[in-house]
Structures are given as structure tokens and as C-alpha cells.
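Trainee: Got a predicted structure plus its sequence, pasted below:
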Amino acid sequence: MTDETDETARPAAADADAVRLYGPEFDQRPKDFFERMRREHGPVVPVLLEGDVPAWYVIGYREVNHVTSNPGLFARDTRRWNAWDMVPENWSLLPFVGWNPSVMLAEGEEHKRRSAAISDALDAVDRTELSGSCERIADRLIDEFAGDGEADLGSQFADRLPPMAMMELFGVPESEAPDMIRDIQHVAGSDENAVPAYQRLQESMRRLAESRRARPGPDVTSRLLAHPAGYTDDELISDLIPMISAGHLPTGHWIGNTLRLMLVDERFAVTLQGGRGSVAQALNQVLWEDTPSQNNIGRFAVHACELGGRAIRPGDMLILGWAAANADPQVQPPAHGSGAGNRAHLSFGHGDHGCPFPAPELAEVVARTAVEVLLDRLPDIELAVKPDELRWLPSFWVRRLASLPVRFSPAATLG
Ligand code: HEM
């Protein structure tokens, strides 16, 4: 992992043995895929993204740690990329790589200023109030299907609770919330509605910023506006979108993947019948085994250097394999199997651009409350299909189920 002096800027990952990074093996059995990659290519794999665009896929725990701990060597601004001329028109990955002025792609002092303001604004959230508000939202959602005796816990519960919680946290008026949630989902889905949805989202955030500036409230948006970091409205708009989206989408998948684990793994059967016992343990285990955040683009090499035995050139793209790093036998010896109790996973990223303190803690409050309320209300819940009939949605970036059908004894509503 030493610096070298060769500064020639051309992508180095376009090797003859580069692996095409898409296909059914990865989608349904990522652990087998990681194991094969590690065996055949080592911790840093030359890969081709859609359109055969080259990149490095970093799958070693030690190497992901090294890349994310050294922003001077591996930086975040996507304009550093040396393969922009290879990107096809309408490339489906553009939403992940296109530059925008948000904190996620900022570097140096600019990043520090905004990241500190975000942490302060999030840290002022009262965890007990957040949990109470998630309990109310969970009860409202469960009331909608409690009498039916069956539900899809993905679309009817896990995907719906975090966005509702985020809207309250950021002070979005109830009348605006459904449109905003729909637009965030279009943007994340990178479908044909993504561009108009992103434009609408910017307008909604502008209205939110104006209304909070005029009438500040006890919400994250008002706190960011009042912060000495001196946020402008434009900066606020470009940071609110990733914050609200990041708070909503992976948290929903985390809830869904945890409910799945508790329903298919007999170690959690007692909890299902007996209450809240090991919800925190199941949430942590999911972050090791089925993290919603599978991979991120990423970082861009600032200088030529060596990483995991590969010669990286300036401007090369590195994809960070959080899930693959979590599955690295160096941190998870097969003999130990489960990661429960050990929080050294990389599912919240790492380093300056990792999920900002205290966002992981807030996400956990949301996820834990959601699962606990569901188990309290529907204690005899069980899968309505065989475990191996559950399907993961095909995505390299996130791990989430296509659906989570369950049945239970019809229960009374609270509302
Ligand atoms: C309240 C909930 C959450 C909020 C507000 C939030 C917000 C953010 C923000 C603003 C960043 C960008 C940080 C930066 O570039 O300086 C980030 C990064 C990240 N978040 Fe979160 N997040 C939340 C929940 C989650 C969850 C549930 C996961 C996955 C389990 C997650 C995984 C990540 C990862 C992996 C990164 C690092 C991306 C990278 O290094 O390229 N976040 N988050």
C-alpha cells in the first residue's frame, strides 16, 4: 500500500481477467460470489461495470479500511475519475457517479464544515421522542393490515415506516410527505422517472428550506439552517436529499432483512413468541450477513499507488465492497460463523465519509422500534412461503427482498 510516482492517467482495471460485475450469481448468492472473487483475484478485483466500464472492486476488509481511512490517497469527488470518456449515454449508474454539490462528494475543509453541522443537527434528536414517534407510526401501519391475517411486511411495513419517521425528523409538512417519499423512491430506482423526480425533489427541498427559515421548528432542517457552519439554501438542498434518502431507504431494507432473519432462523423463534429478547442481536447480525448497503461507488485514486497487490493509477475508480469485506475470513473466521455482538462490520462505511455520527444510532432506534412493535402486536407471525421461496431483488448496490409475505392470527386495531 505504498505511493508510487507514476501519474499516468488511464484506467488500470481493464485487465484481460476483469470480472463482469452483474448477473444472477451475485444477486441471489453474494457470499459464494465473494468467496470465488477472493480465491481467484485476491482482495482487489479488476471488474467491468455495465457497458464494460472498468473499475476496481475492493473486497478485502483490510483494504476497504485502508481506502476509507486515507482520503488524501483515495478521494470522493467523482470528477477525478479517469474513465468519463468511456461512459455510455444514459448509463444506468450515472445517478451513483454524476457529480453533485452535496456533502457526500465534498472534500477537505468543505466536507468537514458540512459534515460537522450534519452531526450536530442529528445529535440534537431526542432518541426517546424518536422511538415514541416510530411506535405511533408502526401502530398506524400495522392497523392497516392487522385484521387481514396476512401481509407483505416489505411493502406494507418495512419500506413505509422509515420514510414517515424521516419526514417528521426533518420537519416536512404532512401534506408534502407522500409526494416527497414517492420522488425519493423514483430517484433511488434509477428508472425513467428519476430525472423529473429529482427536479421535483429539489423544488420540495427548496420549499422546506424556505418554510423552516421563516418558521424554525424542533427539526433537523431548522437546526442545519441555524448552525454556525452557515449553510446556504443551495447547500442545504443538496445535502437534505442524500440525508433524507439515506435515512429512509437502507433503514427500511435493514428492517425487512432483520424480520426475514427472525422468521427463517430458529435461533430467533423464542424471540418471536416471547417478545423483544434478541432484536438488537438480529439487527447486528443482519449488518454482518445481509447488510442493506452492499457496495458503494466509491473513491477515486489521487496518486498512483499499490493496493492489495494491484497497481492503481490516478483517477481509477474503486468500488467499496462493504458486504464482501464483512464476509472476509480474516475478520469472520468460518469457525465463529455469526457476527452477533461484534460491531466491527463495515456496513455503515468508515472514515471521513462514513455514515455520520450519530446517524447509525438513530437508524437503529427506528429499526429496533419497528421490529419490536411488530412482534408485540402480531406475536404468532410466520412466513407465508417457504424460506427458499423468498427472493432478493436483483441489485449490486442494496440487499433487499422482493417481498416478505407473512400470516398471523387476525388482531384488533388500536386506532
Ligand atoms: C437516520 C438514518 C441515516 C442517515 C441520516 C444517514 C446519512 C448518511 C450521510 C449524510 C452519509 C454521507 C456522509 C458523508 O459523505 O460525509 C452517509 C454515508 C453512509 N451511510 Fe448512512 N445514513 C443513515 C442510515 C444508514 C443505514 C441504515 C445504513 C446501512 C446499514 C447506512 C450506510 C451508509 C454508508 C455505507 C455510508 C458511506 C458511503 C461511502 O463511504 O461512500 N446509512 N449516511
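Mentor: Noted; the coordinates are in hand. Numbers count the residues shown, from 1 in each chain.

Trainee: Distance of the residue in the chain positioned nearest to the ligand relative to residue 309?
Mentor: Residue nearest to the ligand within the chain: residue 349 (2.8 Å; CB to the nearest ligand atom). C-betas here are computed from N, CA, C, even on glycine. Noted for residue 349: a distance of 24 Å to residue 309, by CB to CB, to the nearest Å.

Trainee: Show me which of these two is the more surrounded one.
Mentor: residue 349 (17 against 11; other CB atoms under 10 Å).

Trainee: Quick check: closest non-adjacent residue to that one.
Mentor: residue 355 (5.4 Å; CB to CB, 6 or more residues apart in numbering).

Trainee: Contact partners for residue 200?
Mentor: Residues in contact with residue 200 (CB atoms under 8 Å, 6 or more residues apart in numbering) are 179, 183.

Trainee: Now name the helix or strand holding it.
Mentor: Using DSSP states H and E, residue 200 maps to helix 194-214.

Trainee: That helix near the ligand anywhere?
Mentor: No - applying CB under 6 Å from any ligand atom, one finds helix 194-214 separated from the ligand by no less than 14.0 Å.

Trainee: for the helix or strand that that helix is followed by, packing partners?
Mentor: As assigned by DSSP H and E, the chain's next helix or strand after helix 194-214 is helix 220-226. Under the contact criterion of 3 or more CB pairs under 8 Å, 6 or more residues apart in numbering; DSSP states H and E, helix 220-226 touches helix 108-123, helix 194-214, helix 233-264.

Trainee: rewinding a little: need the CA coordinates for the helix holding residue 200. CSV is fine.
Mentor: Presented in CSV, the C-alpha positions along helix 194-214 are these (Å, rounded to 0.1, in the frame of the first residue of the first chain):
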residue,chain,number,x,y,z
ALA,A,194,-35.7,9.5,-11.9
VAL,A,195,-34.8,12.8,-13.6
PRO,A,196,-38.1,14.6,-13.3
ALA,A,197,-38.4,13.2,-9.7
TYR,A,198,-35.0,14.6,-8.8
GLN,A,199,-36.1,18.0,-10.1
ARG,A,200,-39.3,17.9,-8.1
LEU,A,201,-37.3,16.8,-5.1
GLN,A,202,-35.1,19.9,-5.4
GLU,A,203,-38.2,22.1,-5.5
SER,A,204,-39.7,20.3,-2.4
MET,A,205,-36.4,20.8,-0.5
ARG,A,206,-36.3,24.5,-1.5
ARG,A,207,-39.8,24.9,-0.2
LEU,A,208,-38.8,23.1,3.0
ALA,A,209,-35.7,25.3,3.5
GLU,A,210,-37.8,28.5,2.9
SER,A,211,-40.5,27.4,5.3
ARG,A,212,-38.1,26.4,8.1
ARG,A,213,-36.1,29.6,7.7
ALA,A,214,-39.3,31.6,8.1
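
Trainee: what's the angle from that helix to helix 233-264?
Mentor: Put simply, helix 194-214 runs at 110 degrees to helix 233-264, going by axes from the mean of the first three to the mean of the last three CA atoms, to 10 degrees.

Trainee: got the residues of the stretch 301-415 of the chain near the ligand?
Mentor: 322, 347-349, 353-356, 359, 362-363.

Trainee: The stretch 51-200 of the chain too?
Mentor: Residues of the stretch 51-200 of the chain lying near the ligand (CB under 6 Å from any ligand atom): 103-104, 115, 118.

Trainee: can you redo those residues as JSON lines with neighbour count and pLDDT?
Mentor: JSON lines is the format used below for these (neighbours: other CB atoms under 10 Å; pLDDT from 0 to 100):
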{"residue": "103", "neighbour count": "21", "pLDDT": "96"}
{"residue": "104", "neighbour count": "19", "pLDDT": "96"}
{"residue": "115", "neighbour count": "20", "pLDDT": "97"}
{"residue": "118", "neighbour count": "22", "pLDDT": "98"}
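
Trainee: Using just helix, strand and coil, how would you label the residue nearest to residue 349?
Mentor: coil (DSSP: H, G, I helix; E, B strand; the rest coil).

Trainee: who's in contact with it?
Mentor: 246, 348-349, 363.
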